[in-house]
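J.: Predicted model and sequence below, questions to follow.
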Number of protein chains: 2
Amino acid sequence: MISAAASAQQALGPGTGLVSPEINPDHSVTFRLYSPKAITVSVTSDCLPPRVIEFERDGQKTVMELDGVAEMTQDKNGVWSYTTAPLEGELYSYTFLVNGEKMLDPSNVYMKRDVASWVSYFTISAEEGDKGWYYEVHDTPHGTVSKQWYDSPTLGADRRLTVYTPAGYEDSKAKYPVLYLLHGSGGDEDAWSDLGRVAQIMDNLIAEGKAEPMIVVMPNGVYFNQAAPGYEVNMFQPTMTNSRSDSTKEIEDSFTDVMKFIESHYRVAKGRENTAVAGLSMGGRQSCALSMRYPEKFDYVGMFSGVLPPTEQSQREALDNLFKNAPELYWIACGSADGVMANCDKLMAYLDEKGYPYEFYESDGGHIWRNWRVYLTMFAQMIFK
Amino acid sequence: MISAAASAQQALGPGTGLVSPEINPDHSVTFRLYSPKAITVSVTSDCLPPRVIEFERDGQKTVMELDGVAEMTQDKNGVWSYTTAPLEGELYSYTFLVNGEKMLDPSNVYMKRDVASWVSYFTISAEEGDKGWYYEVHDTPHGTVSKQWYDSPTLGADRRLTVYTPAGYEDSKAKYPVLYLLHGSGGDEDAWSDLGRVAQIMDNLIAEGKAEPMIVVMPNGVYFNQAAPGYEVNMFQPTMTNSRSDSTKEIEDSFTDVMKFIESHYRVAKGRENTAVAGLSMGGRQSCALSMRYPEKFDYVGMFSGVLPPTEQSQREALDNLFKNAPELYWIACGSADGVMANCDKLMAYLDEKGYPYEFYESDGGHIWRNWRVYLTMFAQMIFK
């Protein structure tokens, strides 16, 4: 008797026995793909030197960094391969391009989804405490990750969210502070837990004593979706444009439904000093908006590659109102190659003009998950202390 | 500014706009792949008529059903396509074979992993209440799915498990019966929740009043792994042979650690009448073993495509001991094309000889998830009543 899984593996052909990616002792990585009839095979990855392209958009010269590409070479057995330079500790993603068409690595079980795109990935843990190390699982106590549904009367629907509770929560009677952590356009309640490595980062930071034990709540921030693909009534294909990303109003209006559910179902330390909101891109704009809409609720505000520039008088008044009692931490982070920087500059110009306290962290790179994981790792160490 | 996700999508080329799979009004399905330079493209799927192959194994003639294959045809724009016959309601999986090599569908965000193999999938909901309907999400109350860690002193490790609690659990004070649900060789604590559609099946059955509200616990049944890929300290590549699937002893020995954790962290209705164990393949053998090892614990035993034939005197004595106080339900299910049937026959011959009560369900098909989802849907309706 041969199982279905074994037979499915047979369909992979001789390539099944390949090791790819192979992390070499010097932390270079070898990619391999069995594809004897392909004409060209290359690998595209954020572990390769980026391609920088320039183009015109809306009459403006725009610079964009794309993942690097390396051509692979074929051996006499039909196996294509490429070995990178030694890499820093990090979580890297990649796909193959076979005759120019994207293909995931059939030898690598590790894959993740960003909006509708899947990529293969691997981590390099060059040394303890580097970025790659924080994204890996270590022999520390582990928190719980729950996928749960709450009722949102404001949006007229049951909606799904992800909750991380730290190790020890279930065996304790203590109350915990809460970080509400919001995803970007086209994302969902699975984005931060899967792409953002929230459980791994929080487990590692808490075990080292670098972050306070906290509950992390990751709701779905697209107001007209209930849940991630596979958990929504419709089997929809997510897209970036689906999010109508300029709108934060519905999420603002309904955010009290999320907080009410969490505060009535978890042992929550309430009050502004125990509550943080942060998000990436659209979630950064939402965090910015939520801190103005509910100035009494959040003492820690993290805006990762996304802010609302105070271009209208009503926004400037809302900021003035918020900073009457300034948040303990108002943290803006952005990559130097990120087009969002212009909005960050506008916000910071107003904060500077008024003398409102904030912190700014500028990284290299653009509008990418590599940066958002770093920003979360930094932000989580600064809150509830 | 263009995001990394948008740029990753660009790498897909003109194929990005394709709809695949497209479910047509007659419930036929059209698969499409943009691959202008491919020499041959076909689709392999369990929605196509199976290929039946015969071969010799250990001197025995063996018959195996493989997923069907259909050749796709290329249009002048480089798009390959194939349309199936109308399909019954079901969850179907597929991959493309491009020049004979397996490739996932880049137009379909829905994918699932079985051991180390990923496949694309879709559901057909031909009419309310068919199999496909049960595997989809409907507008019913939804339970919670938690990924959690427990301490196993017996195995000397923290281990990960999946817990489904039914809708209303968090807002109730009631105690709930527990189904322990075990995966097969090479599987892990994510297998039943992802491939087995446990949350969807249970949500739908409970909402219809066809199953009692119950907690479903899905531990990792490979004693030398702590967790699924991505949650284990090592980034291992799972294989079928990894499971040393003939051994149930370590899981028997350590199962009380699982039950102790669940009974101390959930509102559990204890006692044999409130406790069920079931599993598929290796998990069926483990369920068989656990019911003999702990005859006082399980009133409902489900063995899906996996039993221990009582070839040794000690096993026959353990069965005799169990059936001194026969379980309320001792349920064996197997596909007619499944090589495990020979073991089921041996077990049932002994039960018949002794007059021990059991139920047997024979489906068509082999050792496949399609059957295990059906068996779970049936078993869940028969327990705790």
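T.: Perfect, thanks for sending it. Numbering: from 1, shown residues only, chains lettered A, B, ... in the order given.
J.: Start and end of stretch A:295-303, how far apart?
T.: End-to-end distance for stretch A:295-303: 15 Å, by C-alpha to C-alpha, to the nearest Å.
J.: how about it, does it get close to chain B?
T.: No. Residues of stretch A:295-303 contacting chain B under C-beta under 8 Å from any C-beta of the partner chain: none, with a closest distance of 15.5 Å. No exception for glycine: its C-beta is placed from N, CA and C like everyone else's.
J.: Buried residues, that stretch. List them.
T.: A:P295, A:K297, A:F298, A:D299, A:Y300, A:V301, A:G302, A:M303 (16 or more other C-beta atoms under 10 Å in any protein chain shown).
J.: What helix or strand is the second one located in?
T.: Looking back up the chat, that one is A:K297. Using DSSP states H and E, A:K297 sits within no helix or strand.
J.: rewinding a little: can you redo the buried residues of stretch A:295-303 as TSV with pLDDT?
T.: As requested, the buried residues of stretch A:295-303 are arranged in TSV below (pLDDT from 0 to 100):
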residue	pLDDT
A:P295	98
A:K297	98
A:F298	98
A:D299	98
A:Y300	98
A:V301	98
A:G302	98
A:M303	98
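J.: Tell me the one of the residues you listed nearest chain B?
T.: Nearest to chain B out of these is A:M303 (C-beta to the nearest C-beta; 15.5 Å).
J.: Setting aside sequence neighbours, what's the nearest residue to that closest one?
T.: Excluding its sequence neighbours, the residue lying closest to A:M303 (C-beta to C-beta, 6 or more residues apart in numbering or on different chains) is A:G284, at 4.0 Å.
J.: Would you mind writing the CA trace of the helix or strand that neighbour falls within as CSV?
T.: Assigned by DSSP H and E, A:G284 belongs to helix A:282-293. The C-alpha trace of helix A:282-293 is given here as CSV (Å, rounded to 0.1, in the frame of the first residue of the first chain):
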residue,chain,number,x,y,z
MET,A,282,-2.4,50.9,5.9
GLY,A,283,-2.2,49.6,9.5
GLY,A,284,0.2,52.5,10.3
ARG,A,285,-2.3,55.0,8.9
GLN,A,286,-5.0,53.2,10.9
SER,A,287,-2.8,53.4,14.1
CYS,A,288,-2.3,57.1,13.4
ALA,A,289,-6.0,57.6,13.0
LEU,A,290,-7.0,55.5,16.0
SER,A,291,-4.7,57.4,18.3
MET,A,292,-6.4,60.7,17.3
ARG,A,293,-9.9,59.2,17.3
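J.: Direction-wise, compare the helix or strand that that helix is followed by with helix A:282-293 and give the angle.
T.: On the C-terminal side of helix A:282-293, the nearest following helix or strand under DSSP H and E is strand A:300-304. Angle, strand A:300-304 to helix A:282-293, by axes from the mean of the first three to the mean of the last three C-alpha atoms, to 10 degrees: 150 degrees.
J.: What strands flank strand A:300-304, and is each parallel or antiparallel?
T.: Strand A:300-304 has the following sheet partners, assigned by DSSP bridges: strand A:275-280 (parallel), strand A:329-335 (parallel).
J.: Columns mean neighbour count, mean pLDDT and distance to B:L104 on top of those strands, output as TSV?
T.: As requested, the strands paired with strand A:300-304 are arranged in TSV below (neighbours: other C-beta atoms under 10 Å in any protein chain shown; pLDDT from 0 to 100; distance: least, C-beta to C-beta, whole Å):
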stretch	mean neighbour count	mean pLDDT	distance to B:L104
strand A:275-280	29	98	27
strand A:329-335	25	97	30
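J.: Including distance to A:P25, could these go into JSON lines?
T.: As requested, the strands paired with strand A:300-304 are exported to JSON lines (distance: least, C-beta to C-beta, whole Å):
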{"stretch": "strand A:275-280", "distance to A:P25": "35"}
{"stretch": "strand A:329-335", "distance to A:P25": "31"}
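J.: Packing partners of the strand or helix carrying A:R160?
T.: Using DSSP H and E, A:R160 sits within strand A:157-165. Under the contact definition 3 or more C-beta pairs under 8 Å, 6 or more residues apart in numbering or on different chains; DSSP states H and E, strand A:157-165 sits against strand A:144-152, helix A:191-194, helix A:198-207, strand A:215-219, helix A:249-265.
J.: 10 Å instead, please
T.: strand A:144-152, strand A:178-182, helix A:191-194, helix A:198-207, strand A:215-219, helix A:249-265, strand B:144-152 (3 or more C-beta pairs under 10 Å, 6 or more residues apart in numbering or on different chains; DSSP states H and E).
J.: Switch those over to CSV; also include mean neighbour count.
T.: Output for the helices and strands packed on strand A:157-165, formatted as CSV (neighbours: other C-beta atoms under 10 Å in any protein chain shown):
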stretch, mean neighbour count
strand A:144-152, 20
strand A:178-182, 27
helix A:191-194, 25
helix A:198-207, 22
strand A:215-219, 26
helix A:249-265, 17
strand B:144-152, 20
